[in-house]
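Chemist: Output the structure for:
(chains A and B)
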Amino acid sequence: MKKLWVLPVLLGALAFAQGNTITIGFTVSQTGKYNVESVNQLRGLKLWQKWVNDQGGIPIGGKRYKVALKYYDDESKAERVQQLYSRLISQDKVDFLISPYSSGLTAKAAIISEQYGKIMIATGAASDSIFKLGYENVYQIYTPASRYLTGTLDMLRAADANLKKIAIVYEDSKFAKAVATAAKSYAAKKGFEVVLFEGYPKNTTDFGPIIKKIKAAGAEALVGGGHYADGATFARQLYEQQVPLKLIALLVAPASDEFAQLGDAALGVVAPSQWEPLVKYRQTCGPSPAQFTQMYQEAYGKLPAYRAAGGFAAGLVLQRALMDAGTTDPAKVRAALDAMDVTIFFGRIKFSTDPASHGLQLGHEMVQIQWQKKDGKLAKQIVWPLDAKTADLVYPIR
Amino acid sequence: MPEILASVLDGLLIGLVYGLAAIGLTLIFGVMDVVNLAHGAVIALGMFAVYFLFESGIHPYLGLVIVAAIGLAFGVFVYLIAVRPIIDGPPLMTLLATFSVSMVIIGVGTALWSTSPYNVDFPVKTLNLFGYTVTSARLVAALAAVLVTAFLYTFLYRTTLGKAVRAVANNREAAELMGIPSQQILALAFGIGTALAMLSGALIATLFPFTILSGGIYELKSFVASVLGGLGNPTGALFGGVILGLIEGAVAPFIKVSWTNVIEFVIFVLILLFFPTGLFGGRR
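Modeler: Next comes the predicted model:
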């Protein structure tokens, strides 16, 4: 009985500790098909957490708040995401949310965050449609799908004023379909003729039938793709089947370093990328691109992929909003996010405040990378936009 | 027209590999009435086996022999651990046991190799025959599938051990009365089925990049091919695979690729309506 006094003291200490901690909840696809991309995103977030806590936490209204992360494995499955986000909010009582990886999963998480009125920073999700539903609490870090391939088409037009026939071939996923549909209408504006516009099922391994259609349609360039596995397979088979394309631009896959495993099949392939370690943005808050890259390399022993940068960026944007708001009050933080227009290591961040597309990313731009031979080895080079390029575009590639 | 022909030829070649995978599944079912839900995971293991052999400097086609040996041993091991104790229990038990094996393989595989794609990156020749482009890997894979099937047939119909396997499949009790050690034979059959699955996985790995999750789609195709050919009938399964490949090839030029599966399964249901025991009859 004597020691009963310990209890209130402990509880008090706990309450005090909690009072100075901001808990951020999210799910990670530690298993299932998104495991590579999602774990990269997690690494970025953890690095941000360490970075901000090493500085004593986030300064908000004169106090410093440490950051705690609370996350579960969603197994890359939508139904798990809905369960777990409800749990994060109602049981774990997290203060703010970060999205899972991928547009499909984020769309599910957004429904929950909106139901409970919790602010969610969406990273790893480029779909536009999530932001056309009138949500008030979801903010996008990535360049949205509608602008994913527009830079690629601009680049292609600049490289070849006479090219007409292009094929747009995409994975039947929410994200890739949105990108392809937007690219189709943009292609028409740029004077291209889309001779093939077709989707392929998720998990496709045999691209033979699609490749035959590309050949039959007489396409001179190809844009499309989906996620990593299908994109890598597609690129390899395009090479093996000797399809005479002047340019191949695929989503996601070529932006990963693993793409180099394809050897010669990777050569010349272009990808839009959300971010690359070589970018030269002049940040107004947080670390510079070079500093981030160095921190990441020290922590994980390899170069950060753009998903990892997106994870760090999501944390940083939330941090900036909290600092601007000077409070953790959700309404004020929302106002700070709405008013935000900053350049961080990831690029410019500005959200749409139009009620019809609230939270959609307006500021951030894609860079185009191409796999080129450098000193006999395959290396990614930034080829577009011209003011950010590290090498000239190789064109035509075959 | 040449495009359709090319597409059909492609379908035929890949169909033979589907067929090989299906034989592995149907053999196990035919001999011991076990629906092996670990089939897909084992196919994926075959992919990784050939990948690691290749990385250690062994040519993929040479590696096939080693993969077959590993598959046989692994199959016998799985049988002894997971299937034998419940072989006489209700069918649901073996279904769950093999499903558990599948979950274990995929779980360990994800932990070791993640779900990112691997690629057996060996030089592939591209052949041009009258405007039909085909890779040497595809031709070799189809040829290997045919050879393995021929080898299996010689074993089943020309050797004493093979006859014992067929005897156990026909009537286990009668076979035991004739002095055939049925448990050993069952273990052997499970081993052969697993080896065939791993071999087909190894062949697929020479064609397409793969992940630890890639087996699932081929497991599904194996089921369809087995049922098309008549469950428990290995020849039927091979033809089932070929039919599946041909359907894929023949319909591809005319419809959106996303619809291939729909057409495939509609044809599958139609065939079952008219040939409930499959095109080539059930177990023999």
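Chemist: What is the neighbour count of residue 158?
Modeler: All of this refers to chain A. Residues lying near A:Ala158 (other Cβ atoms under 10 Å in any protein chain shown) number 12. No exception for glycine: its C-beta is placed from N, CA and C like everyone else's.
Chemist: wrong one, chain B
Modeler: 9.
Chemist: and if you look at B:Phe274?
Modeler: Neighbours of B:Phe274 (other Cβ under 10 Å): 7.
Chemist: Would you agree A:Lys373 falls within a strand?
Modeler: Yes. Counting by DSSP: H, G, I helix; E, B strand; the rest coil, A:Lys373 is found in a strand.
Chemist: Run through the helices of the stretch 101-250 of chain B in chain order.
Modeler: In the stretch 101-250 of chain B, the helices defined using DSSP state H, counting those that start in this stretch lie at B:136-158, B:160-170, B:172-177, B:182-205, B:215-229, B:234-251.
Chemist: For chain A, find the nearest of those.
Modeler: Closest of those to chain A is helix B:215-229, at 5.9 Å (criterion: Cβ to the nearest Cβ).
Chemist: roughly how far out does the closest one sit from the chain middle?
Modeler: Distance of helix B:215-229 from the chain centroid (Cα atoms, centre = their mean, to the nearest Å) equals 8 Å.
Chemist: buried ones in it?
Modeler: Residues of helix B:215-229 classed as buried by neighbour count (16 or more other Cβ atoms under 10 Å in any protein chain shown): B:215-219, B:221-229.
Chemist: Ok, stretch A:83-90 next?
Modeler: A:84-85, A:87-89.
Chemist: and that stretch, how far from the chain's centre?
Modeler: Relative to the centre of its chain, stretch A:83-90 is centred 23 Å away, using Cα atoms, centre = their mean.
Chemist: So which residues make contact with that stretch?
Modeler: For stretch A:83-90, the surrounding residues in contact (Cβ atoms under 8 Å, 6 or more residues apart in numbering or on different chains) are A:25-27, A:70, A:72, A:74, A:94, A:97, A:108-109, A:112-113, A:116, A:118.
Chemist: can you do 6 Å?
Modeler: Stretch A:83-90 has contacts (Cβ atoms under 6 Å, 6 or more residues apart in numbering or on different chains) with A:25, A:27, A:72, A:74, A:94, A:109, A:112, A:116, A:118.
Chemist: Make a markdown table from the buried residues of helix B:215-229 and add distance to B:Phe265 and pLDDT to it.
Modeler: Output for the buried residues of helix B:215-229, formatted as a markdown table (distance: Cβ to Cβ, whole Å; pLDDT from 0 to 100):
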| residue | distance to B:Phe265 | pLDDT |
| --- | --- | --- |
| B:Gly215 | 19 | 92 |
| B:Gly216 | 16 | 90 |
| B:Ile217 | 13 | 88 |
| B:Tyr218 | 16 | 92 |
| B:Glu219 | 15 | 93 |
| B:Lys221 | 11 | 91 |
| B:Ser222 | 14 | 93 |
| B:Phe223 | 11 | 92 |
| B:Val224 | 8 | 91 |
| B:Ala225 | 13 | 93 |
| B:Ser226 | 15 | 92 |
| B:Val227 | 11 | 90 |
| B:Leu228 | 11 | 89 |
| B:Gly229 | 16 | 88 |
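Chemist: Let me know the closest of these to A:Leu153.
Modeler: Within these, the smallest distance to A:Leu153 is 32.8 Å, found for B:Ile217 (Cβ to Cβ).
Chemist: Over to the nearest residue to the closest one once chain neighbours are set aside: give its phi and psi.
Modeler: Nearest in space to B:Ile217, with sequence neighbours left out and distances taken as Cβ to Cβ, 6 or more residues apart in numbering or on different chains, is A:Asn203 at 5.9 Å. Here is the backbone geometry of A:Asn203 (degrees, to the nearest 10): phi 70, psi 20.
Chemist: For chain A, give me the ranges with low pLDDT.
Modeler: A:1-19, A:387 (pLDDT under 70).
Chemist: where do the helices sit along it?
Modeler: Using DSSP state H, the helices of chain A run over A:6-19, A:35-54, A:78-90, A:103-116, A:150-159, A:174-189, A:208-217, A:228-240, A:289-300, A:306-325, A:330-339.
Chemist: residues making contact with the last one?
Modeler: Spelled out, it's helix A:330-339. Helix A:330-339 is contacted by residues A:119, A:139, A:321, A:324-325, A:353 when judged by Cβ under 6 Å, 6+ apart.
Chemist: Top of these by number of neighbours, please.
Modeler: Using other Cβ under 10 Å as the neighbour criterion, A:Tyr139 leads the contacts of helix A:330-339 with 28 neighbours.
Chemist: Can you report how many residues lie near the residue in the stretch 51-200 of chain A positioned nearest to chain B?
Modeler: Using Cβ to the nearest Cβ, the single residue of the stretch 51-200 of chain A nearest to chain B is A:Tyr200, 4.7 Å away. Neighbourhood size, A:Tyr200 [other Cβ under 10 Å]: 24.
Chemist: Likewise for the one 10 residues further on?
Modeler: As a burial measure, the neighbour count of A:Ile210 was computed by other Cβ under 10 Å and equals 24.
Chemist: again, but for A:Thr21
Modeler: Neighbourhood size, A:Thr21 [other Cβ under 10 Å]: 14.
Chemist: For it, give me its contacts.
Modeler: Applying Cβ under 6 Å, 6+ apart, the residues near A:Thr21 are A:66, A:68.
Chemist: The one 4 residues further on too?
Modeler: By Cβ under 6 Å, 6+ apart, A:Gly25 lies in contact with A:70, A:88, A:94, A:97.
Chemist: Please report how far it lies from chain B.
Modeler: Per Cβ to the nearest Cβ, to the nearest Å, A:Gly25 is found 24 Å from chain B.
Chemist: Quick check: which ranges of chain B have low pLDDT?
Modeler: Residues of chain B meeting the criterion pLDDT under 70: B:1-2, B:282-284.
Chemist: And the residue of it that's closest to chain A?
Modeler: Of all residues in chain B, B:Ala252 sits closest to chain A, at 3.4 Å by Cβ to the nearest Cβ.
Chemist: Now do the phi/psi pair for that residue.
Modeler: The phi/psi pair for B:Ala252 (degrees, to the nearest 10) reads phi -50, psi -40.
Chemist: Residues of chain B that sit close to chain A?
Modeler: Within chain B, the positions lying close to chain A (Cβ under 6 Å from any Cβ of the partner chain) are B:3, B:7, B:10, B:110, B:114-117, B:119, B:121, B:124, B:126, B:133, B:135, B:208-209, B:217, B:252, B:256-258.
Chemist: ok, and the closest non-adjacent residue to residue 214?
Modeler: All of this refers to chain A. Nearest non-adjacent residue to A:Ile214 (Cβ to Cβ, 6+ apart): A:Ala167, at 5.0 Å.
Chemist: nope, chain B please
Modeler: B:Ala44 (5.5 Å).
Chemist: Quick one: residues contacting the one you found.
Modeler: B:212, B:214-215.
Chemist: Wait, a strand at it?
Modeler: No. Going by three-state DSSP, the assignment for B:Ala44 is helix, not a strand.
Chemist: Put together TSV for the buried residues of stretch A:83-90, with distance to A:Leu133 on each row.
Modeler: Formatted as TSV, the buried residues of stretch A:83-90 follow (distance: Cβ to Cβ, whole Å):
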residue	distance to A:Leu133
A:Leu84	21
A:Tyr85	16
A:Arg87	23
A:Leu88	21
A:Ile89	19
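Chemist: Can you tell me which of those residues comes closest to B:Tyr157?
Modeler: Nearest member of those to B:Tyr157, counting by Cβ to Cβ, is A:Leu84, at 55.0 Å.
Chemist: coming back round to it: list only buried entries from the contacts of A:Gly25.
Modeler: Buried subset of those (neighbour count, 16+ other Cβ under 10 Å): A:70, A:88, A:94, A:97.
Chemist: show me the residues around the residue nearest to the last one when sequence neighbours are not counted that make contact.
Modeler: Same thing as A:Leu97. Closest residue in space to A:Leu97, ignoring its immediate chain neighbours: A:Met120 at 3.9 Å, by Cβ to Cβ, 6+ apart. Neighbour list for A:Met120: A:97, A:99, A:113, A:137-138 [criterion: Cβ under 6 Å, 6+ apart].
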